[in-house]
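J.: give me a 3D structure for the following:
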Amino acid sequence: MKNEERRKYRGITTFLQRKLMIETYLETHNINQSCRKAGVAINTFRRWYPRYLESGLEGIKKPKSHINKQLERIEEKFKNRIIELKKKHPLWGRRTIASVIFNENNGKKIISPSGVQKILERASLWKKEKKK
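T.: Numbers count the residues shown, from 1 in each chain. Model prediction:
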C-alpha cells in the first residue's frame, strides 16, 4: 500500500459527525457512503449505531466523563490496593502496578495502566507531567 493511500487517524468524532453519519445511513442504508460523507471510519459506525438504536440522538452524545464512569466500576479493594502499592513502592509506575494487580488476580485484567494512573491522580500520588 502506498503512503498516500494509507488512512490517517482522524481523531475523536464530534456529535455532528455522528449525527450526519446516522442521518445519511437512514436515508441511504449504505454504511460506506454514510461514513465517507461524515468523514469517519466504519468502526465508528459500528460503535455508535447500536447506541443510536438504543437511545436515539441522546445515545450518540459522548459522555463527558466516560473515564470516571469506568473508574467507578473498579471495586474499592482494588483502588485501595493500587494506592497501597504506590505508597509502598513510590518508584513503581502505572504499568508495574497494573501488572502486579493482574498477577495477584490469576491473570484476570482488572484495570489498565491508564486506570491506575487516574486512581493515583485522584489520590494525589501521581505527578502530572508538564507538556513541553
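
J.: mind checking how far Asn105 is from Lys62?
T.: 30 Å (C-beta to C-beta, to the nearest Å). For the C-beta atoms, the positions are set from N, CA and C on the backbone; glycine is no exception.

J.: give me the domain ranges for this structure.
T.: 11-60, 68-122 (automatic domain parsing).

J.: in the protein, where is pLDDT below threshold?
T.: 1-11, 63-72, 129-132 (pLDDT under 70).

J.: contact partners of the host helix or strand of Leu16?
T.: Element membership for Leu16 (DSSP states H and E) is helix 15-28. With contact meaning C-beta atoms under 8 Å, 6 or more residues apart in numbering, helix 15-28 is reached by 30-31, 33-35, 37-40, 44-45, 48-49, 52, 57, 60-62.

J.: and those, which are buried?
T.: Neighbour-count burial (16 or more other C-beta atoms under 10 Å) is assigned, among the contacts of helix 15-28, to 34-35, 37-38, 40, 44-45, 48-49, 52, 60.

J.: can you add distance to Asn80 and secondary structure and give those back as CSV?
T.: Listed next are those as CSV, based on distance: C-beta to C-beta, whole Å; DSSP: H, G, I helix; E, B strand; the rest coil:
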residue, distance to Asn80, secondary structure
Ser34, 46, helix
Cys35, 44, helix
Lys37, 49, helix
Ala38, 44, helix
Val40, 40, coil
Thr44, 37, helix
Phe45, 40, helix
Trp48, 36, helix
Tyr49, 39, helix
Tyr52, 38, helix
Ile60, 36, helix
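
J.: Phe78: which of the residues you listed is nearest?
T.: Trp48 (29.9 Å; C-beta to C-beta).
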